[in-house]
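1. give me coordinates for this.
(one chain, ligands or ions: 1)
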Amino acid sequence: MKIAVIGGGASGLFVASQLKDYDVTIFDGNEKCGKKLFITGKGRCNVTNNCDKEEFLNNVVNGGKFMQSAISRFLPTDTIAYFEEKGLKLKTERGGRVFPVSDKSSDVIKTLERACKGATIKLNEKVTSVSVNAISNYSTTVIPTEVEGSISSQTSSMCYAKLVNSSTTCHPEQSGYFITCHPEQSGYFITCHPEQSVAESKDLGKAAYLITTIKGKYTFDKVIIATGGNTYSGTGSEGDGYKFAKMLGHSIVEARPALVPIKLKESVKAMQGLPLKNVTLYAVADNKRYSQFGEMMFTDEGITGPIVLTMSSYINRAKKVELYLDLKPALSHEQLDGRLLREFDEGKNKNLFNVMRSLTPKNFIDYFLYKVSLNSQRKINSITQEERERLVKGLKNFPLAYKELYPLDSGIITSGGVNLKEINPSTMESKKNKGLYFVGEVLDVDCLTGGFNLQIAFATAYACGQAIKKEEKNGI
Ligand SMILES: Cc1cc2nc3c(=O)[nH]c(=O)nc-3n(C[C@H](O)[C@H](O)[C@H](O)COP(=O)(O)OP(=O)(O)OC[C@H]3O[C@@H](n4cnc5c(N)ncnc54)[C@H](O)[C@@H]3O)c2cc1C
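-> So this is what the prediction gives:
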């Protein structure tokens, strides 16, 4: 059985490692496998999270129900065992995050590549299309002598010619080239097989899938699409999997950035790099309320940091978003008012800026006071009760003018992807095309940070690998 794996990233390498007994070919558009894996966990690769199934599912933002089956059969402990059995020592850090002891993502890639030994890896070979029973969709004939256009390249087994006029018909000839015609954006593109490769053309009829790459055409019995999402496109994940899925009749849930910084309408450039610790970020997104407690930071155009990235994953599908900060979440409104009263009592002759220094970081004070319309040089003894109330309200309910998320390419994860309703959750097989599978981030599943997204890649790849092995064993 010939199996194609499109994408040599986390899920592609993992699934290929399970199918070593078959004729497996991995295609990757890059010069090496695992380019995104290399940058994960700031170069240390947080391979999974050492947690149980419930905790894992608590960290899934989209696709939790879909993941139930795959995660039950391949838990984070199984990921740990998989790598350790292959000689990669792992350690668990704060929050259950699991890393290689070496702190090198390259060791994770090497381990996966070693585990794929036996598979053919075709690098620098970007796949451009995937089609079902391709030969029957196209007309096969002999290259017409009348064709306007010229043969643009020729190799021993294949040549390409471009027809200038899309309505040109192909006239069979006794001797010449066998060709397949298929529509492209401009005119028709024909692939010409010299006579000696006629046998190959006939084989196409039997095989289920035709894969076209920038270098050639191949036929396979099964195709596993492991092309990742559509973010950090420099790593090779350019959303091609969505294109292939659409070609094969699937629908796509719109790709949006997740785990991404947030842009604000107001200029915060002056505070770029300033962290705010132990704060609660609230969002009201299409009437749903979310909150995240922890640390955030200002960027040149907005905010980032752990609680912001997490929040972005919850709000990225909403049409209307409002953001608020509670700068003193440990204190109730009344407690905070009491504290301000005490500080005001002790520093009657101080100016407001000085009193605020005990409440918020110095570089945040001017922005804060501007937003609550108070002058930083005001003497404390001139502050009215209503103005003190405004301060308390500002500290507990500080509005941040939401503009939008940073662009798709900046997302650590893509939210959206192949519609889960069209995929069998136990096998990752398409419900539309037998022998076609989707694994990893190309699916409409996404998690929070902590190693959960790679766990998705491994668990879906495991489900797919096991299903193919079982099917083969049962002779289906
Ligand atoms: C900066 C950053 C840090 C991250 N850190 C972590 C972390 O520490 N822990 C964690 O759990 N998750 C992390 N993630 C997320 C994690 O990397 C992804 O969820 C995971 O890599 C997805 O695996 P995948 O196999 O689906 O896709 P990918 O790993 O993206 O692999 C897809 C592969 O397909 C190839 N490909 C795409 N299109 C084609 C085509 N047309 N033809 C041939 N090949 C193609 C690409 O070249 C690529 O190699 C991080 C992501 C980023 C961006």
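
2. flag every residue of the stretch 151-300 of the chain that's near the ligand.
-> Within the stretch 151-300 of the chain, the positions lying close to the ligand (C-beta under 6 Å from any ligand atom) are 226-228, 232, 236-238, 240. The way it works is simple: take the backbone N, C-alpha and C, and place the C-beta from them, glycine included.

3. tell me the pLDDT of Pro194.
-> For Pro194, the pLDDT comes out at 38.

4. helices of the stretch 351-476 of the chain, start to end?
-> 352-356, 362-371, 385-396, 452-473 (DSSP state H, counting those that start in this stretch).

5. all strands for the stretch 301-450 of the chain, in order.
-> Taking DSSP state E, counting those that start in this stretch as the test, the strands found in the stretch 301-450 of the chain are 302-304, 321-326, 398-400, 402-405, 413-418, 436-438, 446-447.

6. closest to Lys265 out of the ones you listed?
-> Proximity of these to Lys265 was assessed by C-beta to C-beta; the nearest stretch is strand 402-405, lying at 4.6 Å.

7. check which helices and strands the closest one sits against.
-> If you count contacts as 3 or more C-beta pairs under 8 Å, 6 or more residues apart in numbering; DSSP states H and E, strand 402-405 packs onto strand 262-264, strand 321-326.

8. what's downstream of the shortest one, the next helix or strand?
-> The C-terminal neighbour of strand 262-264 among helices and strands, as given by DSSP states H and E, is strand 275-285.

9. ok, residues contacting that next one?
-> Outside of strand 275-285, the residues within contact range by C-beta atoms under 8 Å, 6 or more residues apart in numbering are 289-298, 305, 307-308, 311, 314-315, 318, 320-327, 329-330, 360-361, 364, 402.

10. switch the cut-off to 6 Å
-> 290-293, 295-297, 307, 311, 315, 318, 321-327, 329 (C-beta atoms under 6 Å, 6 or more residues apart in numbering).

11. and for stretch 467-476?
-> Contact with stretch 467-476 is made by Thr427, as judged by C-beta under 6 Å, 6+ apart.

12. rewinding a little: how about the strands of the stretch 301-450 of the chain in CSV, adding mean pLDDT, distance to Asp21 and mean neighbour count?
-> Below are those laid out as CSV (pLDDT from 0 to 100; distance: least, C-beta to C-beta, whole Å; neighbours: other C-beta atoms under 10 Å):
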stretch, mean pLDDT, distance to Asp21, mean neighbour count
strand 302-304, 98, 46, 22
strand 321-326, 97, 50, 19
strand 398-400, 96, 55, 19
strand 402-405, 97, 44, 18
strand 413-418, 97, 27, 27
strand 436-438, 97, 17, 27
strand 446-447, 97, 31, 26
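
13. switch those strands over to TSV; also include distance to Lys265.
-> Formatted as TSV, the strands of the stretch 301-450 of the chain follow (distance: least, C-beta to C-beta, whole Å):
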stretch	distance to Lys265
strand 302-304	9
strand 321-326	11
strand 398-400	9
strand 402-405	5
strand 413-418	23
strand 436-438	38
strand 446-447	26
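
14. so which of these comes closest to the ligand?
-> Distance to the ligand, taken as C-beta to the nearest ligand atom, is lowest for strand 413-418 among these, at 5.7 Å.

15. and that closest one, what does it pack against?
-> strand 252-258 (3 or more C-beta pairs under 6 Å, 6 or more residues apart in numbering; DSSP states H and E).

16. mind putting the strands of the stretch 301-450 of the chain in a markdown table, distance to the ligand included?
-> Output for those, formatted as a markdown table (distance: least, C-beta to the nearest ligand atom, whole Å):
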| stretch | distance to the ligand |
| --- | --- |
| strand 302-304 | 13 |
| strand 321-326 | 23 |
| strand 398-400 | 24 |
| strand 402-405 | 15 |
| strand 413-418 | 6 |
| strand 436-438 | 9 |
| strand 446-447 | 7 |
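
17. measure the closest residue in space to Phe353 that isn't next to it in sequence to the ligand for me?
-> With sequence-adjacent residues excluded and distances taken as C-beta to C-beta, 6 or more residues apart in numbering, Phe353 is closest to Ser376, at 3.9 Å. According to C-beta to the nearest ligand atom, to the nearest Å, Ser376 stands 39 Å off from the ligand.

18. same check on Met428?
-> Separation of Met428 from the ligand (C-beta to the nearest ligand atom): 12 Å.

19. what's the closest non-adjacent residue to that residue?
-> Cys464 (4.0 Å).

20. go ahead and confirm the one you found touches Gly435.
-> No - contact criterion C-beta atoms under 6 Å: Cys464 and Gly435 do not qualify, at 11.4 Å.

21. which of the helices and strands packed on strand 402-405 sits closest to Lys217?
-> Comparison of the helices and strands packed on strand 402-405 against Lys217 by C-beta to C-beta identifies strand 262-264 as nearest, at 43.9 Å.
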